[in-house]
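A.B. asks: coords below, sequence missing:
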C-alpha cells in the first residue's frame, strides 16, 4: 500500500515516528510504500512522517488492522446423493474454497463411510458400491486444511443415506383359466427386487398344480374343476417382498357328444349290427342304455365300441336312450329307436298239376314257394275246399304230393305253407284222376 502525499520540495523521505507497523510489514523510506506479509492480527496505530529537502515535513496518524486469514470452506456439493445397496455409488467430488493454498484433505472421514464406499483424499472423491447391511442414514464429517501457519481447517458434515434397491413388485394380476386333464403352465411376472427370488403362496392352488419356488411357475395337470383363490408372495435377496391375490378357474373339458341320431331298422331272424358313435369327452367313453330297452334278441350295447348286435326275435318299435359317459362322469344321452319288421312271408307259386291214373304208382309233384324264414311246413287246409285225391299225400317238410291214386275224379284242394315265424300262404290247386 503506497501512502499518497502532495507538495514538498525535492526528494521525499518517509519514516515512522511513533507506534509501529504490523509485524511482517515494512515501510519503503523513498516512496512511502508499506508492504509485506502480516504475521500477526490486530489493529496497529502509528505516526507516519514525510520530509522534503528544505526540510519541511508532515505527519499523519494511521491505523492498519490485520484480520485473521479466511479458513478453507467445503463448498460443494450441497448434499450427498443417496446410495443404493449393491449398486455403484455416483462418484462425488467435494470442493473447497478459501484458506491458503495448497489445500489438503484429511484421509479420515468421521465416522467412516458405509461398507463398500471409499474416500480418496487425493481426489477428494467418494466412490464404491454400498454393501448389504450399510443401508440407513448417518452423518459424516470431512476436513480440509490449508497452508497457513498455524494451519487453518474447514469441516463440513454431510448426511449420507443408503437405501435398499427397489423391492420386487408382482406384475401378474390375473391368470388364464385351465381345463381338467389339460396341461397348465403359467409364469408369474415381477419387476424390481434383487435376485435370487423365492416364490410362495397361501390359500389353495387347483388340485394337480404346483408352484415352482425359484422360478415362479405354476404348472401341472388340473384334476378337479372349480375356482381356486390364493395369494402369491415373492421375496428377494434382501427379504423385501410383495404379495398378489390371484385366482384360477378350472373348467371341465367338453363332455362327450353322441353323434348317432338314427339307427337302421332290423328284421326278425336276420343278423343286426349298428354302432352308436360319440365324440369328445375325457378318456375312454362307456356306452350304456340308460332308459328303455333294445329289441328282443339283441345283445346289450358294447360299452367300449358302442356296437348293437344280435338277431332280433320279435317285431315292433323299440325306444331307448343311449348314454355315453367319460372318465370324469360327464355324459350325453341320445334318444334312439329301432324298428324290427317281419321278413317277407312265404308265397306259394301257382302251377297246374298233371293228371293222375287210378292204380298208377309214382305220382310225384312238388309245390314250390318263395320267401319265408327258416324251414317251411306244408299242409292241406282242412276242411278247405276239399281233400287231395285218395291215395295221394303231401310231404310236410318238402311240399311234395306223391302216392298212388285210388279213385277217379276231379279233386280241388288248398295247400298251406308256413315258415318259422310263423307266417303262411295258401293256394288252391286241382288234380284230375282218370
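C.D. replies: Happy to help now that I have it. The model shown is predicted, which means the values in this text are computed figures rather than measured ones. Residues are numbered from 1 along each chain as shown.

A.B. asks: hey, where'd the helices end up in the stretch 51-200 of the chain?
C.D. replies: Taking DSSP state H, counting those that start in this stretch to define them, one finds no helices in the stretch 51-200 of the chain.

A.B. asks: I figured residue 245 was touching residue 233, is that so?
C.D. replies: No - using C-beta atoms under 8 Å, residue 245 is not in contact with residue 233; the gap is 10.5 Å. C-betas here are computed from N, CA, C, even on glycine.

A.B. asks: So for the two, which residue has more residues nearby?
C.D. replies: residue 233 (15 against 12; other C-beta atoms under 10 Å).

A.B. asks: Can you list the strands that the helix or strand containing residue 234 pairs with?
C.D. replies: Per DSSP states H and E, residue 234 falls inside strand 226-235. According to DSSP bridges, strand 226-235 has the following sheet partners: strand 198-203 (antiparallel), strand 241-251 (antiparallel).

A.B. asks: Quick one: closest of those to residue 139.
C.D. replies: Taking C-beta to C-beta, strand 241-251 is the member of the strands paired with strand 226-235 nearest to residue 139, at 30.8 Å.

A.B. asks: Let me know the next secondary structure element after that closest one.
C.D. replies: Sequence order places strand 256-258 as the next helix or strand after strand 241-251, per DSSP H and E.

A.B. asks: Show me what the following helix or strand past that next one is packed against.
C.D. replies: Beyond strand 256-258 on the C-terminal side, the first helix or strand identified by DSSP H and E is strand 266-267. In terms of contacts (3 or more C-beta pairs under 8 Å, 6 or more residues apart in numbering; DSSP states H and E), strand 266-267 is packed against strand 331-341.

A.B. asks: what's the strand it packs on packed up against?
C.D. replies: strand 256-258, strand 266-267, strand 316-325.

A.B. asks: Mind checking the pLDDT average for that strand?
C.D. replies: For strand 331-341, mean pLDDT is 98.

A.B. asks: quick check, distance from that strand to the centre of its chain.
C.D. replies: Remark: strand 331-341 is offset 44 Å from the chain centroid, using C-alpha atoms, centre = their mean, to the nearest Å.

A.B. asks: what's the average pLDDT for the next helix or strand after that strand?
C.D. replies: Sequence-wise, the next helix or strand downstream of strand 331-341 (DSSP H and E) is strand 347-348. Average pLDDT, strand 347-348: 97.

A.B. asks: now stretch 198-213
C.D. replies: What stretch 198-213 shows for mean pLDDT is 98.

A.B. asks: Check stretch 240-247 too.
C.D. replies: 98.

A.B. asks: From residue 188, how far out is the closest residue to residue 224 other than its chain neighbours?
C.D. replies: Counting by C-beta to C-beta, 6 or more residues apart in numbering, residue 224 lies nearest to residue 207, which is 4.4 Å off, once chain neighbours are set aside. Using C-beta to C-beta, to the nearest Å, we find residue 207 at a distance of 19 Å from residue 188.

A.B. asks: neighbour-wise, which of those two wins?
C.D. replies: residue 188 (21 against 15).

A.B. asks: Hmm, residue 103 is touching residue 144, no?
C.D. replies: Yes - Residue 103 lies in contact with residue 144 (C-beta under 8 Å); the separation is 5.3 Å.

A.B. asks: wait, doesn't the residue nearest to residue 224 sit right on residue 221?
C.D. replies: No - Residue 207 lies out of contact with residue 221 (C-beta under 8 Å); the separation is 9.6 Å.

A.B. asks: which ones are touching the residue nearest to residue 54 when sequence neighbours are not counted?
C.D. replies: Excluding the flanking residues, the one nearest residue 54 by C-beta to C-beta, 6+ apart is residue 9, at 5.5 Å. Residue 9 sits next to 52, 53, 54, 56 when contact means C-beta atoms under 8 Å, 6 or more residues apart in numbering.

A.B. asks: count of residues packed around the last one?
C.D. replies: Other residues within reach of residue 56 by the criterion other C-beta under 10 Å amount to 12.
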